[in-house]
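# could you work out the structure for the sequence below:
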Amino acid sequence: LAAVGAACAVLNVDVDTALGLFGRFFVRYLAANGWTRMLLSLGSTLEDLLVNLNGLHSNLERDFRTAIFPQFHVTHLDC
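The predicted model follows:
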């Protein structure tokens, strides 16, 4: 979280904006570096993507050995 705080200070944005900017950058980075097929395999809906995100992180950890990726838990709500 220290990196997020530093990014907020440098960019003069709030945490939500900083995380959104990072997410946009990271998806573009993955797509530009050969991970497009993996991204597309995560599903066609936001729920599919979130459910499959831990699998993506597991695959990325093989190439980015020093990175620490978050774990996500998705709770299904019947609305």
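# and residue 47, what is it in contact with?
74, 76 (C-beta atoms under 8 Å, 6 or more residues apart in numbering). Where C-beta positions appear, they are placed from N, C-alpha and C, glycine not excepted.
# tell me the secondary structure at it.
helix (DSSP: H, G, I helix; E, B strand; the rest coil).
# how about residue 76?
Under three-state DSSP, residue 76 comes out as coil.
# contacting residues for it?
residue 47.
# phi and psi next, for it.
Main-chain dihedrals, residue 76, degrees, to the nearest 10: phi -80, psi 130.
# how much space separates it from residue 51?
Separation of residue 76 from residue 51 (C-beta to C-beta, to the nearest Å): 9 Å.
# mind listing what's buried along whichever strand or helix holds residue 61?
Under the criterion of DSSP states H and E, residue 61 resides in helix 46-63. For helix 46-63, the buried set under the neighbour-count rule, 16 or more other C-beta atoms under 10 Å, comprises 51, 52, 53, 56, 57, 60.
# which one of these is nearest residue 68?
residue 57 (9.6 Å; C-beta to C-beta).
# excluding sequence neighbours, find me the nearest residue to that closest one.
Spatially, and ignoring its direct neighbours in sequence, residue 57 is nearest to residue 69 (3.7 Å; C-beta to C-beta, 6 or more residues apart in numbering).
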